[in-house]
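Asker: My questions concern the predicted model and sequence given below.
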Amino acid sequence: MADAAVRPAATAPSKSQLAYEFLRARIDDGRYVSGFRLVLGQIAGELDISVVPVREAIRRLEAEGLVTFEKNVGAQVALLQDTEYAYTMQTLALVEGAATQLSAPLLTADHIERARAVNAEMIASLDHFVPHRFTQLNQSFHSVLFEECPNPHILDLVHRGWNRLTVLRDSTFGFVPGRARESVDEHEQILTLIESGADPLEIELAARRHRLATLDAFQAYQSEHKHTH
């Protein structure tokens with residue numbers, strides 16, 4: 001009995017972990033927008049903890065690319081400019097393409113079925129479109145295809161890329177919902193390639209083109225937007 005009583009305390013998350021989860025949730029759901037200043041004392045007060053674990057949590061978010069720290073500004077939610085978004089998407093296209101290609105031979109019928117089920121949910125959501133939800137489903141879909149990647153270095157780079165995109169999580173599909181319809185069609189094409197045992201390079205290039213097409217749609221919207229305003 002004594003063991004059972006102490007076990008929950010032993011597995012309770014640290015104050016640093018609690019602060020991390022608190023901040024991460026607010027960045028992810030948009031309450032802390034890009035450029036939002038993170039005042040350590042204020043956050044510590046809200047959580048009723050000291051500033052030390054808050055500082056540790058902010059360092060962790062900084063390592064993930066979600067927070068930046070400048071000498072005279074302090075900590076703030078990362079400002080992902082259009083160029084920064086483009087660099088992130090271009091990099092992700094390369095590393096996610098590679099991860100998907102390396103995962104492909106290890107994917108089972110169950111993986112394909114799971115990915116198809118997520119894509120079906122994405123298709124069903126198109127008529128009542130919520131960009132944030134669509135983006136979450138999109139990440140779930142791609143995770144099934146790249147998480148089996150046996151190269152941990154490539155997989156780490158994919159995760160970093162997705163973490164950076166969480167700051168802009170709604171942007172692209174919110175601006176260009178038409179891209180969402182194309183995206184689910186491309187998902188099916190990638191699945192068909194994997195199922196049919198297509199050439200690994202063909203799978204990699206399809207995954208890469210898919211990611212870059214979203215960037216192209218965003219940039220086309222931006223350039224139209226600049227011309228019309």
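Answerer: Ah, there it is.
Asker: how is this protein carved up into domains?
Answerer: 13-75, 80-225 (the TED database).
Asker: Adding mean pLDDT, write those out as JSON lines.
Answerer: Output for those, formatted as JSON lines (pLDDT from 0 to 100):
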{"stretch": "domain 13-75", "mean pLDDT": "88"}
{"stretch": "domain 80-225", "mean pLDDT": "91"}
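Asker: Export those domains to JSON lines and append columns for mean neighbour count.
Answerer: In short, each C-beta sits where N, CA and C put it, glycine included. Output for the domains of the chain, formatted as JSON lines (neighbours: other CB atoms under 10 Å):
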{"stretch": "domain 13-75", "mean neighbour count": "16"}
{"stretch": "domain 80-225", "mean neighbour count": "17"}
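Asker: what's the pLDDT at A9?
Answerer: Looking at A9, its pLDDT stands at 48.
Asker: ok, now how distant is A117 from F69?
Answerer: A117 sits 41 Å away from F69 when distances are taken as CB to CB, to the nearest Å.
Asker: go on, R26?
Answerer: 17 Å.
Asker: before we move on, what about L102?
Answerer: According to CB to CB, L102 and F69 sit 34 Å apart.
Asker: need the longest helix for this protein.
Answerer: helix 200-228 (DSSP state H).
Asker: Mind jotting down where the helices sit in the chain?
Answerer: Secondary structure of the chain (DSSP H): helices at 2-11, 15-28, 40-47, 51-63, 82-103, 109-124, 131-146, 152-166, 171-175, 177-195, 200-228.
Asker: And the ones you listed: which comes nearest A75?
Answerer: Distance to A75, taken as CB to CB, is lowest for helix 51-63 among the helices of the chain, at 5.0 Å.
Asker: Need the contact partners of the closest one.
Answerer: Helix 51-63 has contacts (CB atoms under 8 Å, 6 or more residues apart in numbering) with 14-20, 22-24, 27, 38, 40-41, 43-44, 47, 67-69, 75.
Asker: same thing but 6 Å
Answerer: K15, S16, A19, Y20, L23, L40, I43, A44, V67, F69, A75 (CB atoms under 6 Å, 6 or more residues apart in numbering).
Asker: Point out the other helices and strands that the longest helix of the chain packs with.
Answerer: helix 82-103, helix 171-175, helix 177-195 (3 or more CB pairs under 6 Å, 6 or more residues apart in numbering; DSSP states H and E).
Asker: These: which one's closest to A124?
Answerer: Nearest to A124 among those is helix 177-195; the distance by CB to CB comes to 9.9 Å.
Asker: So which residue is dead centre in the protein?
Answerer: W162 (3.2 Å; CA atoms, centre = their mean).
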